[in-house]
Structures are given as structure tokens and as C-alpha cells.
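>>> Sharing a model that was predicted from the sequence below.
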Amino acid sequence: MPYCPRCYTEYVEGTSDCEDCRIPLQPGSPPERPAAAAASELLRGARLVRVHTFTGPTGLLDAEMARNILEEQGIPSFVPGATSLELLPVLDVPLLVREQDVAKAEATLKGYFDAPSPDPAE
């Protein structure tokens, strides 16, 4: 499956450009992101705190999007059981960060989730 080299989103065969980044897709599976590997090392042994809980049918998607936003801001975060959540219907998906990153993570996510939606007419 092709993937976007910028956001690492995977697409179905036959898709040529990333819908979000507007750049050509690369063939194959995305490589492990260096930042994700570094984030998991930073989280190892740290006291993790729930910074947000996502609910509903898009909970996992929303949690992963929030994790990516935090990662872009240099805040390591973790969605526990993300691989098993893809298979099982789960109502609550927690997003965890290190205790020392809670305030920055909350401010980052508040700024993102409270931002007004763009006007579709624009």
C-alpha cells in the first residue's frame, strides 16, 4: 500500500497523492518514524498521566491524530493498546503523556480542538 512520506498515512492502491499533504505517495509500507521510536524510549519508565479520553466510533482515529499533533510539538505520548483497539469496539480511548508534559499537552490539544472549523465555502 502506498503511504505519504510526510504524515505516514497509508492509502489504498491506485491513490497517487496524499489528501492532506498534497504530495505524491511512496510505494510500500511506511518506515517506523524515528520520532515515534524516540518517543517510546522517552516514555519508558516515566509516570504516565491521562491527558485526554476520546470516545465514540472515531475515538481511536482522534487519539492517533492527537498523538501525532503532540509528537509534532515534541511531546511524547502513548495510546495504550492501539493495535488491539483497531480490532475491538472500544468506547473510550485514552491518550497518555509523561507527568511533566501534562500542561503543555493540554494547552496544545486545547488550541487544536477548540480552533474554529474552516468555512467549507472558503
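Alright, I've got the coordinates.
>>> contacts and neighbour counts: CA atoms only from here.
Noted.
>>> next one: the lengthiest helix in the chain to chain centre, how far?
The residue-count maximum for a helix in the chain (DSSP state H) belongs to helix 59-72. Centre-to-centre, helix 59-72 and its host chain are 2 Å apart (CA atoms, centre = their mean, to the nearest Å).
>>> Flag every buried residue along it.
In terms of neighbour count (16 or more other CA atoms under 10 Å), helix 59-72 has its buried residues at 59-60, 62-64, 66-71.
>>> what do you get for stretch 95-107?
Quick answer for stretch 95-107 (16+ other CA under 10 Å): 95-98, 101-102, 105.
>>> Can you list the neighbours in contact with it?
Applying CA atoms under 8 Å, 6 or more residues apart in numbering, the external contacts of stretch 95-107 come out as 43, 46-54, 63, 67, 70, 75-80.
>>> can we see that at 10 Å?
42-54, 60, 62-64, 66-67, 69-71, 73-80, 108, 110-112 (CA atoms under 10 Å, 6 or more residues apart in numbering).
>>> quick revisit: for the buried residues of stretch 95-107, give me TSV that also has distance to Cys21 and pLDDT.
Supplementary listing: the buried residues of stretch 95-107 in TSV, determined by distance: CA to CA, whole Å; pLDDT from 0 to 100:
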residue	distance to Cys21	pLDDT
Leu95	24	92
Leu96	27	91
Val97	27	91
Arg98	29	90
Asp101	28	92
Val102	29	94
Ala105	24	94
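>>> Which of the contacts of stretch 95-107 are buried? Put it as a ChimeraX command.
Selection command for ChimeraX covering only the buried members of these, criterion 16+ other CA under 10 Å:
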select :43,48,49,51,52,53,54,60,62,63,64,66,67,69,70,71,75,76,77,78,79,108
